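Asks: next input, structure requested:
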Amino acid sequence: IIKVEAHPIPEHYRPRRVNGRMALVGDAAGYVTKCSGEGIYFAAKSGRMAAEAIVKLMEGGKRLPTQEEIERTYIADYDKLYGPTYTVLD
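Replies: A predicted model of the protein is given here:
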């Protein structure tokens, strides 16, 4: 017998998507369209956007980014690019 387990898919952005130097992406951040449950595209896109922003902020490994910097770059860029999509599809 196979045990099947599942977790509800979030329908809205998480209230805190950055905590310290940890950034949530994809389903963990709530990047799922409520009308279709689609999230793979947003997971891949947000993961890449977060990684690119953090690598740039690290200045070649010379420093670690702060929560404020991650929110100002990755979160702000993601919300600007995809926020309207979630508004329309909600």
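Asks: which residue ranges of this structure form strands?
Replies: 18-19, 22-23 (DSSP state E).
Asks: what comes up buried for the longest helix along the chain?
Replies: Selection of the longest helix in the chain by residue count, based on DSSP state H, yields helix 40-57. Within helix 40-57, the residues scored as buried using 16 or more other Cβ atoms under 10 Å are F42, A43, K45, S46, M49, A50, A53, I54, L57. Backbone N, C-alpha and C define where each C-beta goes, glycine included.
Asks: can you lay out the strands of the chain as JSON lines showing distance to Q67 and mean neighbour count?
Replies: Output for those, formatted as JSON lines (distance: least, Cβ to Cβ, whole Å; neighbours: other Cβ atoms under 10 Å):
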{"stretch": "strand 18-19", "distance to Q67": "5", "mean neighbour count": "16"}
{"stretch": "strand 22-23", "distance to Q67": "9", "mean neighbour count": "18"}
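Asks: okay, the ones you listed in JSON lines with mean pLDDT next?
Replies: Formatted as JSON lines, the strands of the chain follow (pLDDT from 0 to 100):
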{"stretch": "strand 18-19", "mean pLDDT": "96"}
{"stretch": "strand 22-23", "mean pLDDT": "96"}
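Asks: now those as TSV including distance to D79?
Replies: Output for the strands of the chain, formatted as TSV (distance: least, Cβ to Cβ, whole Å):
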stretch	distance to D79
strand 18-19	12
strand 22-23	13
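Asks: so which of those comes closest to E71?
Replies: strand 18-19 (5.2 Å; Cβ to Cβ).
Asks: chain center to the closest one, what's the gap?
Replies: In terms of Cα atoms, centre = their mean, to the nearest Å, the centre of strand 18-19 is found 11 Å from the chain centre.
Asks: how far away is E52 from L24?
Replies: E52 sits 16 Å away from L24, going by Cβ to Cβ, to the nearest Å.
Asks: ok so, going back, which strands and helices lie in contact with the longest helix of the chain?
Replies: On a contact count with 3 or more Cβ pairs under 8 Å, 6 or more residues apart in numbering; DSSP states H and E, helix 40-57 meets helix 26-29, helix 67-70, helix 76-89.
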